[in-house]
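Enquirer: I'd like to go over a predicted model; first the sequence, then the structure.
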Amino acid sequence: MSTVYFDIETTGLNAESCRITCIGTLHSEYGVRVFSHPDERILLREASDFVFGCGPVTWVSFNGACFDLPFILKRLEVNGFSKDSEEVEQWSFPPASHVDLLPILSQKYEEVMGHKLS
């Protein structure tokens, strides 16, 4: 099974009012893809098409479960994609196929350094 690492860049932390400016991916077989477009709706559609085209993969992120994925789903909603649209479905992959490195690395940091990340 292939692996896709992903990260988003935004204009702020509030998904209601801040835009996604870039979605970056690194596919274990196809290399780097960066999605950026002045029209966020086009950016989201192009990135969603890529996600769909990846087929079954393991998704890897850093804080993606708490930030990136919820932000993407909210921006899809803000941009008029319905909750049952293909774009929303493509970003709603099962938790078993997503590895968020933040909790894993935070735990390791605490074990090694003796204190939590703040």
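Expert: It's in. Nothing here was measured: the structure is a model prediction, and the numbers come from that model. Residues are numbered from 1 along each chain as shown.
Enquirer: please count neighbours and contacts with C-alpha atoms only from this point.
Expert: Will do.
Enquirer: three-state assignment of Asp84?
Expert: The local conformation at Asp84, judged by DSSP: H, G, I helix; E, B strand; the rest coil, is coil.
Enquirer: could you check how far it is from Ser97?
Expert: Between Asp84 and Ser97 the computed distance is 20 Å (CA to CA, to the nearest Å).
Enquirer: ok, these two, which is more surrounded?
Expert: A side-by-side neighbour count of Asp84 and Ser97, using other CA atoms under 10 Å, places Ser97 first with 12 against 8.
Enquirer: distance of that one from Phe6?
Expert: Taking CA to CA, one finds Ser97 at 13 Å from Phe6.
Enquirer: now Phe50
Expert: Distance from Phe50 to Phe6, by CA to CA: 12 Å.
Enquirer: equivalent analysis for Lys74, please.
Expert: 17 Å.
Enquirer: what is the longest helix of the chain by residue count?
Expert: helix 40-54 (DSSP state H).
Enquirer: how about it as PDB, C-alpha atoms only?
Expert: C-alpha atoms of helix 40-54 as PDB (Å, rounded to 0.1, in the frame of the first residue of the first chain):
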ATOM      1  CA  GLU A  40      -9.900  28.300  -3.200                       C
ATOM      2  CA  ARG A  41     -12.800  26.400  -4.700                       C
ATOM      3  CA  ILE A  42     -10.600  25.300  -7.700                       C
ATOM      4  CA  LEU A  43      -7.700  24.500  -5.200                       C
ATOM      5  CA  LEU A  44     -10.100  22.300  -3.200                       C
ATOM      6  CA  ARG A  45     -11.500  20.500  -6.300                       C
ATOM      7  CA  GLU A  46      -8.000  19.800  -7.800                       C
ATOM      8  CA  ALA A  47      -6.700  18.500  -4.400                       C
ATOM      9  CA  SER A  48      -9.900  16.400  -4.000                       C
ATOM     10  CA  ASP A  49      -9.400  14.900  -7.500                       C
ATOM     11  CA  PHE A  50      -5.800  13.900  -6.500                       C
ATOM     12  CA  VAL A  51      -7.100  12.300  -3.200                       C
ATOM     13  CA  PHE A  52      -9.600  10.300  -5.200                       C
ATOM     14  CA  GLY A  53      -7.000   9.200  -7.700                       C
ATOM     15  CA  CYS A  54      -4.700   7.900  -5.000                       C
END
